[in-house]
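Student: Could you look at this predicted model? Sequence included:
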Amino acid sequence: MLVIVVENVPPRLRGRLAVWLVEVRAGVYVGDLSTRVREMIWGQVAEGIEEGNAVLAWSTNCESGFDFLTLGKNRRMPVELDGLKLVSFYPPEPCEEEGRPPA
């Protein structure tokens, strides 16, 4: 099983994902495809993402039972800790107008 979540991507990329996967919610695509097809789809996401961001998660034989990849600008970053892939957050960006962090 695999899940792709996209935000702020062009409609043509969303349409291309809908050819291979079921869109269960806006921007959330689910399917059960081979590794080869998964990699082909992720390549198309990388080519068409523009200013958006995406995450791909799939079932695999590891400690957590899944793995994931990310593309595009997002506050979350994958971090590996003791063989487990976790998610960490980048610090918030300071307000450009005032030069200080938001309250």
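Tutor: Everything's here; your move. Everything quoted here is computed from the prediction, not taken from an experiment.
Student: ok, and for stretch 38-53, which residues are buried?
Tutor: Residues of stretch 38-53 classed as buried by neighbour count (16 or more other C-beta atoms under 10 Å): Arg38, Ile41, Trp42, Val45, Gly48, Ile49, Gly52, Asn53. Any C-beta I mention is one placed from the backbone N, CA and C, and that applies to glycine too.
Student: Any chance you could list what contacts that stretch?
Tutor: Here stretch 38-53 makes contact (C-beta atoms under 8 Å, 6 or more residues apart in numbering) with 2, 4, 6-10, 12-13, 16-17, 20-21, 33, 54, 56, 58, 69-74.
Student: 7 Å - rerun?
Tutor: With contacts defined as C-beta atoms under 7 Å, 6 or more residues apart in numbering, stretch 38-53 is touched by 2, 4, 6-10, 12-13, 16, 20, 54, 56, 58, 69, 71-74.
Student: Which of these fall within helices?
Tutor: Arg12, Leu13, Arg16, Trp20 (DSSP state H).
Student: of all those, which comes closest to Gly27?
Tutor: Proximity of the ones in helices among the contacts of stretch 38-53 to Gly27 (C-beta to C-beta) peaks at Leu13, which lies at 10.3 Å.
Student: which non-adjacent residue is nearest that closest one?
Tutor: Closest residue to Leu13 apart from its sequence neighbours, by C-beta to C-beta, 6 or more residues apart in numbering: Gly48 at 3.9 Å.
Student: returning to that earlier point: mark which of the contacts of stretch 38-53 are buried, thanks.
Tutor: For these, a burial check counting by 16+ other C-beta under 10 Å picks out 2, 4, 6, 9, 13, 16, 20, 54, 56, 58, 69, 71-72.
Student: So which of the residues you listed is the closest to Pro78?
Tutor: Of these, the one sitting nearest to Pro78 (C-beta to C-beta) turns out to be Leu69, at 7.8 Å.
Student: Fine by me, we can end here.
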